[in-house]
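> need a structure here:
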Amino acid sequence: MLGTTIATVTDAVMGRTLWQEWSGFWPSMNDGFADFINAVPKHVATSTLTSDLPWNSTAIDGDPVAHVRALANTGAEGDAQVGGKLAAGR
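Numbering: from 1, shown residues only. Down below sits the predicted model:
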């Protein structure tokens, strides 16, 4: 089931807390999900981290909802998976 779900994901959008937890754990793991999450571009909703992030990640500059809409409107194949708490969207 998870393999089917992540097969179409081309971008991951997450909040800062989840990103900090996962970026400290997944890079050293070796399984199917680790292969996926380590490779996929990650977009981080944060007001405290800079745009120059490790782990194939970028801090979202501005409104996270607008950023996700922009990802959806690129015309590219694939899905953006959103996870974690996007407090900036409140």
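> going forward, measure contacts and count neighbours with C-alpha atoms only.
Will do.
> where in this protein is the helix or strand with the lowest mean pLDDT?
Least confident helix or strand, the chain: helix 2-6 with a mean of 77, by mean pLDDT, DSSP states H and E.
> may I have it as CSV, with CA atoms only?
Extracted C-alpha coordinates of helix 2-6, given in CSV (Å, rounded to 0.1, in the frame of the first residue of the first chain):
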residue,chain,number,x,y,z
LEU,A,2,2.7,2.5,0.9
GLY,A,3,4.7,1.7,-2.2
THR,A,4,1.6,2.5,-4.3
THR,A,5,1.0,5.7,-2.5
ILE,A,6,4.6,7.0,-2.8
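> how far does the following helix or strand past it sit from the chain's center?
For helix 2-6, the following helix or strand on the C-terminal side (DSSP states H and E) is strand 9-15. The gap between the average C-alpha position of strand 9-15 and the chain average comes to 3 Å, counting by CA atoms, centre = their mean, to the nearest Å.
> sheet partners, orientation included, of strand 9-15?
Paired neighbours of strand 9-15 in the sheet (DSSP bridges): strand 42-45 (parallel), strand 79-83 (parallel).
> rewinding a little: flag every buried residue along the least confident helix or strand of the chain.
For helix 2-6, burial by neighbour count (16 or more other CA atoms under 10 Å) applies to Ile6.
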